[in-house]
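A.B. asks: need coordinates for the below:
(chains A and B)
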Amino acid sequence: MKKRKLPHWLILLLLIFLYMPILVLITYSFNEGRTGAEWTGFTFKWYAELFRDRNILKAMGYTILIAFIASTVSTVVGTISAWGIKYMGRRTSGILLSINDLPLLNPDLVTAISLMSLYIFLKMTFGFMTLLLSHIMFSIPYVIITVLPVLRRISRHQMEAALDLGAKPVVGLFKIILPQLKQSIISGWLIAFTMSVDDFVISFFTTGSGVSNISIAVFSMARRGINPKINALSSLMFAVVIALLLIINKNRKTRKEDLAIEENILLH
Amino acid sequence: MKNRFNRYAWPYALWTVVIIVLPLVVIFVFSFSKNGSFSLEGYGLFFTPLYLKVLLKSLELALKATAICLIVGYPIALLISREEGTRKSTLMLLLMLPMWINFLLKTYAWRPILGNTGLLNSFLEMIGLDKVQFLYTEGAVLLGMVYNFIPFMILPILSVLDKMDHKLIEAAHDLGADDRTVFLKVVLPLSLPGIISGISLVFMPSVSTFIIPIILGGGQDMMIGNLIERQFLKVGNWNFGSSISVILMLVILSAMIILSLFDREKRGER
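C.D. replies: Got it, this is the predicted structure:
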């Protein structure tokens, strides 16, 4: 078989289909004109306007704050829970992991309304706390499925040996286990962070009283029509996602972790 | 030793019961009640022509999107699986990258292209044709679904194809089968698990989406997801909203059951 220079035209067509809208959006973010397809000149003014928009700045702040707290809490809770799950019996851990998979398998809309119903049922006020709780809820499963496979490869005897040699469990944890988990914990945190920054549906249903994240701000603008500020914001968000992905990629070491991360994406 | 550390998972187990299992129970209870007492009103309301039409439209659009993704996605998965080395991993990366980009933005990105003064219509005008209404049509919604979900079809098929034992294909060739026969009798049946997970990964988000109809479809109550959103966020009728949600979950569950039956049947044949 002769080796072709370019991939098959069908693949190229798909790549054009996948990337064209994104490239168009980025191009328009530098377009002087407000509407229409016409190119009327290069400008940074939409970016400048974006950073003067109080609502968007506030939404950016909330997005980062929520993502930071949610991913950090989820990483700590997820890692400790994964440690416990490793030592659970096969049946108990099987049940727990199936429940853990539910938010990953259910459509976002179902997770969102189920959380909303819970908060209504518990008579909670919708706002920052409900939003944060929801983000923690859907982030922990990602941390667990990222950390657990690596944790399961660590032999149980390592911890036993440490304990036999007189180390306290805490010392064993910090000296023996955590160093081996470092990469997957960082990956888990980054995935949780990305998912939190990226989320729209669940946030949309579980927030209230003036608290909104970037996606919600984009949605309310997009609902009203075309707005060049959205193009600018989108371009910035693409840049952030690509930067985060590069960091995650750099962090991946083993093939198994690769697979786990691929699975995460597929399941979402 | 075994029971010493498993207690660290119990707080999380309790948490999942409260925040994952309980909410689903709450929706179920809400769906069967009105003003605090048992009622089937929500379901009764749903099974009227007005709402049934929306359910059928959702199913129709989701099935069409799934079919298009499968028909386009399978050959592409096959082509990528035949690539090698860095080129293959680059192609896979390019396929996965859009999955990380905000869903809302990806959908919104089509508006400057499809709009009345958008790129496509400017192009049509330029070559002397009349403008066409692209945005706010069912076609636009379908396009949005295919655009957002086609990687979910390609990747599972690709991963099954990659794991396939090439000796089987060689053996089939050696035994005199032509390319067509090898594909139909060996490759296609073996890739069925990938097709099935691809179908569920495209159908599920398609049938439950409410963002795509709002941004590209324009219509308020086009799909079942829009009905749910409206009942929960605008009308505030949680009981009716819950009834529709339970129906949506049943639709998804039945789709899963049908798919798994199909999978088992095929496995049994072999």
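A.B. asks: and the residue in the stretch 1-150 of chain A that chain B sits nearest to, what element?
C.D. replies: Closest residue of the stretch 1-150 of chain A to chain B, Cβ to the nearest Cβ: residue A:84 (2.7 Å). For every residue, glycine as well, the C-beta is placed using N, CA and C. Taking DSSP states H and E as the criterion, residue A:84 maps to helix A:54-86.
A.B. asks: list the buried residues of the helix or strand just after that helix.
C.D. replies: Scanning forward in sequence from helix A:54-86 by DSSP H and E, the next helix or strand is helix A:90-105. By neighbour count on 16 or more other Cβ atoms under 10 Å in any protein chain shown, the buried set for helix A:90-105 is A:93, A:96-97, A:99-100, A:102-105.
A.B. asks: the helix holding residue A:84 packs against which elements?
C.D. replies: helix A:90-105, helix A:128-153, helix A:178-198, helix A:214-224, helix B:2-5, helix B:10-16 (3 or more Cβ pairs under 8 Å, 6 or more residues apart in numbering or on different chains; DSSP states H and E).
A.B. asks: if we can go back for a sec, residues contacting the closest residue to the residue of the stretch 1-150 of chain A closest to chain B other than its chain neighbours?
C.D. replies: Distance criterion Cβ to Cβ, 6 or more residues apart in numbering or on different chains; nearest residue to residue A:84, sequence neighbours excluded, is residue B:9 at 2.7 Å. Shown in contact with residue B:9 (Cβ atoms under 8 Å, 6 or more residues apart in numbering or on different chains): A:81-85, A:87-88, A:93, A:96.
A.B. asks: next one: residue A:25
C.D. replies: Residues in contact with residue A:25 (Cβ under 8 Å, 6+ apart) are A:231, A:234-235, B:105, B:108-109, B:112.
A.B. asks: quick one: which of those sit in helices?
C.D. replies: A:231, A:234-235, B:105, B:108, B:112 (DSSP state H).
A.B. asks: low-confidence regions, the chain specifically.
C.D. replies: Just so you know, I chose chain A. Along chain A, the parts satisfying pLDDT under 70 run over A:1-5, A:35-37, A:225-226, A:248-268.
A.B. asks: wrong one, chain B
C.D. replies: B:1-3, B:219-221, B:265-270.
A.B. asks: quick one, strands of it?
C.D. replies: Using DSSP state E, the strands of chain B run over B:33-34, B:37-38.
A.B. asks: okay if I get the ones you listed as TSV plus distance to chain A and mean neighbour count?
C.D. replies: Shown next, in TSV, are these (distance: least, Cβ to the nearest Cβ, whole Å; neighbours: other Cβ atoms under 10 Å in any protein chain shown):
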stretch	distance to chain A	mean neighbour count
strand B:33-34	12	16
strand B:37-38	16	8
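A.B. asks: now render the ones you listed as CSV, adding distance to residue A:172.
C.D. replies: Shown next, in CSV, are the strands of chain B (distance: least, Cβ to Cβ, whole Å):
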stretch, distance to residue A:172
strand B:33-34, 51
strand B:37-38, 54
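A.B. asks: figure out which of those is closest to residue B:209.
C.D. replies: strand B:33-34 (27.5 Å; Cβ to Cβ).
A.B. asks: in chain B, which residue sits nearest chain A?
C.D. replies: Of all residues in chain B, residue B:9 sits closest to chain A, at 2.7 Å by Cβ to the nearest Cβ.
A.B. asks: residue contacts, the residue nearest in space to the middle of chain B?
C.D. replies: Residue closest to the average C-alpha location in chain B (Cα atoms, centre = their mean): residue B:202, at 2.5 Å. Shown in contact with residue B:202 (Cβ under 8 Å, 6+ apart): B:65-66, B:69-70, B:145, B:149-150, B:152-153.
A.B. asks: among those residues, which are within reach of chain A?
C.D. replies: Here is what survives when those are matched to chain A using Cβ under 8 Å from any Cβ of the partner chain: B:150, B:152.
A.B. asks: show me which pair in the contacts of residue B:202 is furthest apart.
C.D. replies: Maximum pairwise distance among the contacts of residue B:202 (Cβ to Cβ): 12.7 Å, between B:70 and B:145.
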